[in-house]
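Asker: I would like to see how this sequence folds:
(chains A and B)
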Amino acid sequence: MTAVTNQTISQPLDRVDGPAKVTGRARYSAEIPLPGTVHAVLVGAVVPSGRTNTIQTGEAEQVPGVLAVLTHANLPKIAAQPRLFPSLFGHAAVGETFFPMQDDVVHYAGQPVAMVVADTLERAQHAAGLVHVSYHTAPSTTTLEQGRDRAYEPGRIFGGLLPGRMERGDPDSGLAKAPVHIDRTYRFAANHHNPIEPSSTTAVWEDDRLTLYDSTQGITATRLTVAELMGLPSSNVRVLTHYVGGGFGAKAMIWPHVALTAIAARYVGRPVKLALTREQMFSSCGHREEQEQHAVLGAGNEGRVTTLRHHKLSATSPFDDWAEPSLNVAAQAYSYPNYQGSYRLVRTNTMTPTFTRGPGEASGMFALESAMDELAYELGLDPIELRLRNHADADPLTGNPWSSKGLRECYQRGAERFGWRERNPAARSQRDGHWLIGSGTATAGYPVPAFPGLQPQRARARLYADGSAVLQAGTQEFGTGVATAMTQVAADGLGVPLDRVRFDYGDTELPNTAPAVGSAGSGMVSSAVHSAATSLRDQLVAQAVAQAVADSESPLHAADPSTVVVGDGRMMLRDRPETGETYSELLQRNGVEDAEALGSWQPTGMDTGYALTTFGAQFAEVAVDSDLGLVRVRRMVGAFAPGRVLNPKTARSQLMGGMLWGMSQALPEGTQMDSRMGRWANASLGEYLVPVNADAPEVDVEFVEVREDVANPLGVKGVGEIGQIGAAAAIANAVFHATGHRVRELPIRIEHLLRSA
Amino acid sequence: MEFLSPATWEEALAAKSAHPDAVPIMGGTDVMVELNFDQHRPSALLDLTRVAELAEWGPDGSRVRLGAGVSYTTIIQRLGKHAPALAQAARTVASPQIRNRGTVGGNLGGASPAGDSHPPLLAADAVIELASVHGVRHVAAREFYLGPRRTARRDDELIAAVLLPERAGPQHFCKIGTRNAMVIAVASFCVTLDAATRTAGTGIGSAGPTPLRAVAAEEFLTAEFDWQGAGPLSEAAVRHFGELVASAARPIDDVRGSADYRKHALSVMARRALSWSVTDYRKGEAQCA
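Answerer: Alright, predicted model coming up:
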């Protein structure tokens, strides 16, 4: 094995796409100018349930520039309905198993019932307003409350991947024997993702070949989904996506508007662009479902938790059994021998819920970590001490050892950074003017995706005779810094300087990688890039030392490859670095313009004998104005053990962003359903509140180093979502410490705290 | 839709006279939002951005004359001494980009009860200068707001300026929002203590069909406050002031907050703003925002 002397991995490098983004040169999907493009606008149902009665299109069709008004009456039918399966697995991945405009049925408000195509966006919008739809409205269920008595237990959830019920040990007798119980119900409003870039698709046909410019977290998912829906060979669909303006799960699955755009483009024979409005984003790309979780902890007087019973009730669509997996990380969080978890669903007239920032972990760990805080107060134990007493030294689900953990260090380092030990544990014991001050903590956990059936991760490395190199993989940059980190991985793998490497991505014609979902992007893509880069390096070293071929002029001729190191684009003997040559010299002497290698890595399955989960610890300080019911987060500290950190600068930013999403989950964020109309009541950024800069507290991120040898070749566990997990619980626990009042509902609203005055 | 773009104030007044239903546009932070949402489709837009004097401000006798087109950013940077409550309110408007564009004139033209500048104008007894081809007239802010988004401005008039009385005492503005910026007030409140006239002023935002005064609270405070010795107010007096402010509000339940919460919050803000003001008054310091 050849070693590399230069190291750019783990350096806090600036983003390679930074200048393009701040100068506006970076083109997002809807900004790419394509000659002859016309515009599509969707008309959404205004009722949540029933059938369309009449759809009058005549007036819209008369608008100058209108090319087509499509409804279920004239829209070409889809060829097949793919099943719902998480895009991580690399197959077709619809967000819901319902495709609109196939018939007159209305399942949810906002469901497309017509689509107008016109030569300009303004004309399309104007004409869309002239499509007159009347409805036969049927009774609807849009909230948990309305459907509670019709709840059912699904066999499996989450695209069939997870069982609806799990049990180990003897939870009933565990609870019966436990002297201390915490038995609480937690409620969660629905959430919408709200990336800054609303989804858009542009479809361009050339004969029977389709090119899509799509704002997606997975170009291959878009390719396979649209190919299956339209009955096209996969090879005839190409997807281009370089920059994505945030996804947060809204672009993790492929929603109907993507294929609708392709259908419209074929119908009118022109390239068609469809950009969802901000309001349409609330009924087009899924959401985190409204839910309720019932958690029961049974513990001994010394704080040993013997049993967790964790039941979830949540809203799904009329056609899919979807629940975000809220129970799974909570089931592994501590060493309880007895456990029971179950999901129950209520069919509601909404679209199918989907992955949303920490899908499941963020809500499940709010419930568990709130309950753990209550238990700590009940027992008079320090909340950190309680968690240490229940630390799971092995995975409680399987008994397998953790591939790496670092949670004890996270508690310790986080507590030090935060000043946890100086805290007066008594609730309502600290005041600053009108503000009551409190602090709280919580555990964070997020799984490293390890499933059977994940696709091989591929990348291509090419080195030119001038010493420059390009690494290619079919991923896309959605703001995480993947292009920067992959440039670093490529430079180190090849042993060339960073400025000689370009990372090329955003095109399904490039080697396939997994979508950027489930915090898996950096682990998956880095494995492919690392594999390709090291393959090419080994190939070039082999060529230099080869005895069988003619090139005996290499200074490394006949050397043992294991004694060769590379750095700065030069191969040399480890013990005699003056003996060697550059890649360029080797290629040029042989009259070869480039060398290329494909790298492939098969992701980890479940048979490693290890449990793979990322852990961390969250700390928050809040100020509560109990006269006015206001909460302000003053500071947050998070300590995380995400394995290898490819770029501490972008990783830190992601973790900070995650912690702020946790603050957002705790305080401003929630979608309210108006059950009379069956529509989301606050479908705008003016009314669906996310934090602004002025709300962002001091956020301190601490990395705890752990050695990770199982997850993937570079030991990357991922930082995409772990920053959010537990943050909302730490804030709610801090609110309790500040006020003595426990809030068991998210978001925490003014009304919850006025009662605490 | 016609787009009128006068280069001078005279042309602007003539255009408004000829097109009384034209909607004036300056920063565009309200008008453009309404247009984009198609809530309103006026026959004409009257662009005032080329009228340079609208963006000017300066002393006018003992008062400060604030052109209707002066941005919130300028108010924050320049008017902290003359009009601290207005400057405090300006700071709470939306975001830096919007504060660069938005104006008090626009706030007055739109007359949303949630407009951040209204409570300070009411409390400080500011005067609105209205102009038309027929001449100029002055209307006290306290007489300006007539109904939901209805004002004393006539159809052929433009808002030229706001006249801010010379400050003679502390002023405090408070606003409750659901986050720290980019937010419409759930409720807002302003109080002024004027040592020269020995009167108190109040203004209430986002808690009624129009911006409001709490007249009974003003009268109570004017009578109760120790203008000479600046002695502290009793806790009962402060509490009563808060109750009078809350009772002057006429709020509704909406997506931002309930009517009850708004009344409660106003009483809390009124108590706090009064306590800060009394402390400032006692210090005799010019409290700058």
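Asker: so how far is stretch A:337-356 off the chain centroid?
Answerer: Stretch A:337-356 has its C-alpha centroid displaced from the chain centroid by 18 Å (C-alpha atoms, centre = their mean, to the nearest Å).
Asker: sorry, that was for stretch A:370-383
Answerer: With C-alpha atoms, centre = their mean, you get 31 Å for stretch A:370-383.
Asker: how about it: buried residues?
Answerer: A:370-379, A:381-383 (16 or more other C-beta atoms under 10 Å in any protein chain shown). Quick note: C-beta positions are derived from backbone N, CA and C, even for glycine.
Asker: Can you tell me which of the residues you listed lies closest to chain B?
Answerer: Nearest to chain B out of the buried residues of stretch A:370-383 is A:Ser370 (C-beta to the nearest C-beta; 22.5 Å).
Asker: give me the low-pLDDT residue ranges for the chain?
Answerer: Picked chain A for this. Within chain A, the stretches with pLDDT under 70 are A:1-6, A:547-551, A:755-757.
Asker: Actually, chain B is the one I wanted.
Answerer: In chain B, residues with pLDDT under 70: B:285-289.
Asker: can you list the domain ranges for it.
Answerer: Following the assignment in automatic domain parsing, chain B carries domains at B:56-165, B:171-288.
Asker: Tell me which of those sits nearest to chain A.
Answerer: So among those, domain B:171-288 is nearest, using C-beta to the nearest C-beta, at 3.6 Å.
Asker: If we ignore the residues flanking it in sequence, what's nearest the residue in the stretch 501-650 of chain A that chain B sits nearest to?
Answerer: The nearest approach of the stretch 501-650 of chain A to chain B comes at A:Asp627, 4.8 Å away (C-beta to the nearest C-beta). Spatially, and ignoring its direct neighbours in sequence, A:Asp627 is nearest to B:Val268 (4.8 Å; C-beta to C-beta, 6 or more residues apart in numbering or on different chains).
Asker: ok, and for the one helix or strand that neighbour maps to, which residues are buried?
Answerer: Using DSSP states H and E, B:Val268 falls within helix B:259-283. Within helix B:259-283, the residues that count as buried by 16+ other C-beta under 10 Å are B:261-278, B:280-281.
Asker: What count of nearby residues applies to the closest residue to A:Tyr688 other than its chain neighbours?
Answerer: Nearest residue to A:Tyr688, sequence neighbours excluded (C-beta to C-beta, 6+ apart): A:Asn682, at 4.9 Å. Neighbours of A:Asn682 under the rule other C-beta atoms under 10 Å in any protein chain shown: 17.
Asker: For A:Asn682, list the residues it contacts.
Answerer: A:671-672, A:688, B:255 (C-beta atoms under 8 Å, 6 or more residues apart in numbering or on different chains).
Asker: what about 10 Å?
Answerer: A:192, A:282, A:670-674, A:688-689, B:255 (C-beta atoms under 10 Å, 6 or more residues apart in numbering or on different chains).
Asker: Please report the distance of it from A:Glu59.
Answerer: 31 Å (C-beta to C-beta, to the nearest Å).
Asker: Apart from its chain neighbours, what residue comes closest to A:Ala415?
Answerer: A:Ala415's closest residue in space is A:Ile384 (C-beta to C-beta, 6+ apart), at 6.0 Å.
Asker: Tell me how many other residues surround that neighbour.
Answerer: Other residues close to A:Ile384 by other C-beta under 10 Å number 19.
Asker: circling back to that earlier point, chain center to the helix holding B:Val268: distance?
Answerer: 18 Å.
Asker: Packing partners of it?
Answerer: In terms of contacts (3 or more C-beta pairs under 10 Å, 6 or more residues apart in numbering or on different chains; DSSP states H and E), helix B:259-283 is packed against helix A:750-754, helix B:84-91, strand B:171-176, strand B:187-194, strand B:199-205, helix B:215-224, helix B:235-248.
Asker: change it to 6 Å
Answerer: Counting by 3 or more C-beta pairs under 6 Å, 6 or more residues apart in numbering or on different chains; DSSP states H and E, the packing neighbours recorded for helix B:259-283 are strand B:171-176, strand B:187-194, helix B:235-248.
Asker: Okay, and which of the buried residues of stretch A:370-383 map to helices?
Answerer: A:370-379, A:383 (DSSP state H).
Asker: Next up, the contacts around residue 144.
Answerer: No chain specified, so I'll use chain A. By C-beta atoms under 6 Å, 6 or more residues apart in numbering or on different chains, the contact set of A:Leu144 is A:290, A:315, A:346.
Asker: That was the other one, I meant chain B.
Answerer: B:Phe144 neighbours (C-beta under 6 Å, 6+ apart): B:128, B:151-152.
Asker: export the residues you listed to CSV and tack on distance to A:Ala73 and secondary structure?
Answerer: As requested, those are arranged in CSV below (distance: C-beta to C-beta, whole Å; DSSP: H, G, I helix; E, B strand; the rest coil):
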residue, distance to A:Ala73, secondary structure
B:Ile128, 57, strand
B:Thr151, 50, strand
B:Ala152, 55, coil
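Asker: out of those residues, who has the most neighbours?
Answerer: B:Ile128 (25 neighbours).
Asker: doesn't B:Pro120 fall inside a helix?
Answerer: Yes: B:Pro120: assigned to a helix according to DSSP: H, G, I helix; E, B strand; the rest coil.
Asker: Neighbours of it, how many?
Answerer: 31.
Asker: Let me see the contact set for it.
Answerer: B:85-86, B:89, B:173, B:190.
Asker: Indicate the residue of the stretch 401-550 of chain A located nearest to chain B.
Answerer: Counting by C-beta to the nearest C-beta, the stretch 401-550 of chain A gets nearest chain B through A:His434, at 7.2 Å.
Asker: Contacts only, for that residue.
Answerer: Counted by C-beta under 6 Å, 6+ apart, A:His434 has contacts A:Asp625.
Asker: what do you get for A:Leu88?
Answerer: A:449, A:514, A:517-518.
Asker: Compare the residues you listed and tell me which has the most neighbours.
Answerer: Going by other C-beta under 10 Å, A:Ala514 tops the contacts of A:Leu88 with 29 neighbours.
Asker: Surely that residue is in a helix?
Answerer: No: counting by three-state DSSP, A:Ala514 is not found in a helix; it is coil.
Asker: pretty sure it is touching A:Ser526, no?
Answerer: No: here A:Ala514 lies out of contact with A:Ser526, judged by C-beta atoms under 6 Å, at a distance of 11.4 Å.
Asker: before we move on, back to that, now, the contacts of A:Asn682 that are in strands?
Answerer: A:673-674 (DSSP state E).
Asker: between the contacts of A:Asn682, which is closest to A:Arg148?
Answerer: A:Met673 (14.1 Å; C-beta to C-beta).
Asker: Quick check: which element contains A:Gln146?
Answerer: Here A:Gln146 is assigned to helix A:144-147, by DSSP H and E.
Asker: Just the buried positions in that helix, please.
Answerer: For helix A:144-147, a neighbour-count test (16+ other C-beta under 10 Å) marks A:144, A:146-147 as buried.
Asker: Now do the same for the residue nearest to A:Tyr688: helix, strand or coil?
Answerer: Classified using three-state DSSP, A:Asn682 is coil.
Asker: Next up, phi/psi of it, please.
Answerer: When quoted as degrees, to the nearest 10, the phi and psi of A:Asn682 stand at phi -130, psi 60.
Asker: Quick check: it vs B:Gly177, distance?
Answerer: 15 Å.
Asker: same deal with A:Ile748?
Answerer: Applying C-beta to C-beta to A:Ile748 and B:Gly177 gives a distance of 16 Å.
Asker: Same check on A:Thr220?
Answerer: From A:Thr220 to B:Gly177 the distance is 43 Å (C-beta to C-beta).
Asker: Between these two, which is the more surrounded one?
Answerer: Between A:Thr220 and B:Gly177, counted using other C-beta under 10 Å, the more crowded position is A:Thr220 (24 against 21).
Asker: I'd say B:Gly169 and B:Leu193 touch.
Answerer: Yes: assessed by C-beta under 6 Å, B:Gly169 is found in contact with B:Leu193 at 4.1 Å.
Asker: neighbours around residue 200, how many?
Answerer: Went with chain A since none was named. 21.
Asker: look at chain B instead
Answerer: B:Ala200: 25 neighbours (other C-beta under 10 Å).
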